[in-house]
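1. Predicted model and sequence follow; I will ask about them next.
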Amino acid sequence: MLKIFLFLLVLLACEAFTQENESNFAENPGKIERKARDRYLGLGLGTAYIRVMDQATSPLMYQGLQIPAAKLDYLVHSARVIKTFEADFSFGNLRTRTETPWYDPTNTSYFVAIRYNQLYRIKSFNSDHIHWYIGPEINFNGHFRINYKYGNSAFTFDNYNGIGIASRFEMPLSYTQKKMKLWFLKLNRRDRDLRLSWQLSMPLASFVIRPTYVTITNFIQPELQSKITSEHTGGGFLVPLNIRSQAELYYVLHNQNMIKLSYIWNFYHHKPDYNKVQSVYHGFLFSLVFKFNQNKP
């Protein structure tokens, strides 16, 4: 009897808690809007192509494929707000075109980028078919390179981090059901929704860490191991110059999960008093996007 009584008390407490939350939501429309936002986790894999010139190592241009290139992102999406957390990683070997039978320089490359942005819709175009979002972004980037041919001058890196602005355009697309015939095959195309987006971001204020000289792979510059000084750092307003463009096509499945194709272009240029460095990153990724809250469309 006591167990039944305790069970009823728990049920009553849960019911009271539920009613209180519902009343809070009714009194606060902002909570309702936040709860209704779609939340997604994306897991992507693909390839990337990098071109880099770092005068701390060599005046030559190194370039090559990065396999694999991986991407992890968490997306909160609504008509009013878009929040994104993204992490990119790629690994591969870069080579220069000056190869000879006795000299084949290879530059091993590790590229990491992490960013977070929070964008708000400010305008719609074309009869509300194109939406424009804008907002702040924080990014952390690292590019580590090892050229074993240089012996005790093999290892160098760029670490650049910034606070800036991001702008995003989104356009919903769709096609309707249609029966088709391909030779002897009869195909029944189902209704599908798609979403096309393009995002452009640039840090306005940045902080850069670079070694004053290159070192062997297992021995980082002693000063950097103990303390980062002004000799190793730089940055400022639009220094370094970093522009990132990201175009994505979402294919929405009927269970509200999605398939995503992404093209990422990232340009980086830094020219201090010594050791100019610049690089271009091209990433091509295929992602599976899983929706957490299965709201009815």
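-> In hand now; what should we look at?
2. in the stretch 151-297 of the chain, which spans are helices?
-> Under the criterion DSSP state H, counting those that start in this stretch, the stretch 151-297 of the chain contains helices at 222-226.
3. Sketch out the low-pLDDT regions of it for me.
-> 151-153, 176-184, 186-190, 212-232, 294-297 (pLDDT under 70).
4. What ranges does it have for its strands?
-> Using DSSP state E, counting those that start in this stretch, the strands of the stretch 151-297 of the chain run over residues 155-175, 178-182, 185-189, 192-209, 233-237, 241-252, 258-270, 277-291.
5. beta partners of residue 124?
-> residue 131 (DSSP bridges).
6. so what pLDDT did it get?
-> Looking at residue 124, its pLDDT stands at 92.
7. Give me the distance between it and residue 168.
-> Applying CB to CB, to the nearest Å, the value for residue 124 to residue 168 is 13 Å. Any C-beta I mention is one placed from the backbone N, CA and C, and that applies to glycine too.
8. And residue 195, by the same measure?
-> Per CB to CB, residue 195 is found 11 Å from residue 168.
9. Quick check on the two: which one has the bigger neighbour count.
-> residue 168 (21 against 17; other CB atoms under 10 Å).
10. Find residues that contact each of residue 124 and residue 168.
-> Common neighbours of residue 124 and residue 168, using CB atoms under 8 Å, 6 or more residues apart in numbering, are residue 132.
11. Just confirm residue 34 is within a strand.
-> No - counting by DSSP: H, G, I helix; E, B strand; the rest coil, residue 34 is located in no strand; its state is helix.
12. where does it land on pLDDT?
-> pLDDT at residue 34 comes out at 77.
13. so who does it touch?
-> Per CB under 8 Å, 6+ apart, neighbours of residue 34: none.
14. again, only this time at 10 Å
-> 25, 28, 76, 78, 80, 81 (CB atoms under 10 Å, 6 or more residues apart in numbering).
15. Need phi/psi at the last one.
-> The main-chain torsion angles of residue 81 are listed as degrees, to the nearest 10 and equal phi -130, psi 140.
16. how near is it to residue 252?
-> Distance from residue 81 to residue 252, by CB to CB: 19 Å.
17. next one: the second one
-> Separation of residue 28 from residue 252 (CB to CB) stands at 30 Å.
18. Over to the third one?
-> Between residue 76 and residue 252 the distance, using CB to CB, works out to 16 Å.
19. more neighbours, these two?
-> Remark: of residue 76 and residue 252, residue 252 carries more neighbours, 20 against 16, as counted by other CB under 10 Å.
20. just checking, the more buried one touches residue 172?
-> Yes - counting by CB atoms under 10 Å, residue 172 is a contact partner of residue 252 at 9.4 Å.
21. so what's residue 81 bridging to?
-> Applying DSSP bridges, one finds that residue 81 bridges with residue 120.
22. Please read off the pLDDT at it from the model.
-> 95.
23. show me the contacts for it.
-> Residue 81 neighbours (CB under 10 Å, 6+ apart): 33, 34, 37, 118, 119, 120, 121, 133, 135.
24. Looking at the fourth one now. What's its pLDDT?
-> What it means is residue 118. 96.
25. Pull up the overlap in contacts between residue 252 and residue 172.
-> In contact with both residue 252 and residue 172: 193, 194, 195, using CB under 10 Å, 6+ apart.
26. Pick the one among those closest to residue 149.
-> residue 195 (46.3 Å; CB to CB).
27. roughly how far apart are that closest one and residue 72?
-> Taking CB to CB, one finds residue 195 at 20 Å from residue 72.
28. repeat for residue 55
-> 33 Å.
29. Compute the inter-axis angle for the helix or strand hosting residue 143 and strand 192-209.
-> Assigned by DSSP states H and E, residue 143 falls within strand 130-147. Calculated by axes from the mean of the first three to the mean of the last three CA atoms, to 10 degrees, strand 130-147 forms an angle of 50 degrees with strand 192-209.
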